[in-house]
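Q: Any chance you could fold what I've pasted below:
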Amino acid sequence: MRKHQSLTALRAFEAVARLNSISCAAQELHVTRPAVSKQVAQLESDMGCPLLLRTGNVIRLTPAGRELFVALQQAFELIQLTTDTISRRARQGEQLRVLVCRDFASSWLAGQVGKFLVANPGISVEITAEKNATFRLDEDFDFRIFYGMHGAKVGGGLEASELCRWIDLLVCTRDFAQTYLGEGRKPCDAPYLIDANYDIWDEWCALTRLDPGGARRQQTMFNETTLCLSVAASGGGLTIGDSFLAMPAIRAGELIVPYPLGLVSAQNYTLFKPKRPSSPASQKFEIWLRGAIESYQVGVRQTLTEQGIQVMERQRICAMGR
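A: Below you'll find the predicted structure:
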């Protein structure tokens, strides 16, 4: 049987520990100073150990007090987030808030989410595009989607799960390929378009065993892959684009894959969720999102196969290289 501690006593202790003052805690809780002291003393008696050390007007936490304080902060934060979410839904109906890195939002999610809205009348979705890994932890989002290495840790009471990996493809226009990548030409002599946040050119060449002919001699740096792809589609250079961002232009013939090789990414798109029970709308969105991505990935593989592009798995390459 669960033993219940007084929520009033726990709240009083958390306020004292956070504010480092019984008087300030009493003021915040709108009670008297003796009332706060009594609640903390009762909590210490119930737990059988001291939580605070008082020396004159100075208050310090005991090791047990520090442990309890950290746990209470997390618990009260979760309660606040949950009550805020329930209140927001009561005012606005079933609305989901999704924070997404700009590349993924503009190049894939924006073109797909309409299908979810049509299939789920009554649920609205607010999508906010942001620079990758800008988590905005002071705001309440039902989902956050960013890319990075698998297993990367983040605070803010979030749990993470891998959403998907992509395929890195070397792309340019057909005219650009004929000019810079024809017979007798070295890839290193071509103008490169580089995403400063995701520069894997040397690794891509090493794993696919493409000989670039030397170091890059001319390059332009951008801070987003979509910018690199936009310039590449205008004939301005050679770049590496992932299969979520580059595939529409490849299918439309705006970009080609001059070397028929693709490399499964080392990084992945990760789905971050608050550590709280998911609402029915959140559950529906996550099921839809994972299903839509899986379906898209199948289509990507089919397109690449039709174009004779070999997709190389990193794990298999590493195993063969041992």
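
Q: tell me the SS of Leu245?
A: Taking DSSP: H, G, I helix; E, B strand; the rest coil as the rule, one finds Leu245 in the helix state.

Q: For it, which non-adjacent residue is spatially closest?
A: Spatially, and ignoring its direct neighbours in sequence, Leu245 is nearest to Ser107 (4.2 Å; C-beta to C-beta, 6 or more residues apart in numbering). In this view, the C-beta of every residue, glycine as well, is placed from N, C-alpha and C.

Q: Quick one: residues contacting the one you found.
A: 226, 244-245, 248 (C-beta atoms under 8 Å, 6 or more residues apart in numbering).

Q: ranges for the helices of the stretch 151-300 of the chain?
A: With helices called from DSSP state H, counting those that start in this stretch, the stretch 151-300 of the chain shows them at 174-180, 201-208, 225-233, 243-251, 280-306.

Q: what's the distance between stretch 81-88 and the middle of its chain?
A: Distance of stretch 81-88 from the chain centroid (C-alpha atoms, centre = their mean, to the nearest Å) equals 22 Å.

Q: Regarding the residue nearest to Leu245, what are the backbone dihedral angles?
A: phi -90, psi -10 (degrees, to the nearest 10).

Q: and what of Gln27?
A: The phi/psi pair for Gln27 (degrees, to the nearest 10) is phi -70, psi -40.

Q: Mind pulling the model confidence for it?
A: Looking at Gln27, its pLDDT reads 91.

Q: measure it to Arg174 for me?
A: 72 Å (C-beta to C-beta, to the nearest Å).

Q: rewinding a little: how near is the residue nearest to Leu245 to Tyr296?
A: 12 Å.

Q: One more: Arg290?
A: If you go by C-beta to C-beta, the gap between Arg290 and Tyr296 works out to 11 Å.

Q: Please apply the same query to Leu163.
A: Relative to Tyr296, and taking C-beta to C-beta, Leu163 is found at 12 Å.

Q: With Ile145 instead?
A: On the measure of C-beta to C-beta, Ile145 and Tyr296 end up 14 Å apart.

Q: Neighbour count for those two, which is higher?
A: Ile145 (23 against 16; other C-beta atoms under 10 Å).

Q: what sits against the more buried one?
A: Per C-beta under 8 Å, 6+ apart, neighbours of Ile145: 98-101, 104, 109, 163, 269-272.

Q: and if you look at Lys273?
A: Contact partners of Lys273, counting by C-beta under 8 Å, 6+ apart, are 142-144, 158-159, 161, 282, 286.

Q: Which residues does it form beta bridges with?
A: Glu159 (DSSP bridges).

Q: Report the separation between it and Leu207.
A: From Lys273 to Leu207 the distance is 32 Å (C-beta to C-beta).

Q: Likewise for Asn197?
A: 20 Å.

Q: Looking at those two now, which is surrounded by more residues?
A: Leu207 (19 against 16).

Q: Please report the distance of Thr83 from Phe76.
A: Thr83 is 11 Å from Phe76, by C-beta to C-beta.

Q: quick one: which of those two has more around it?
A: Set Thr83 next to Phe76 and count neighbours by other C-beta under 10 Å: Phe76 wins out with 14 against 10.
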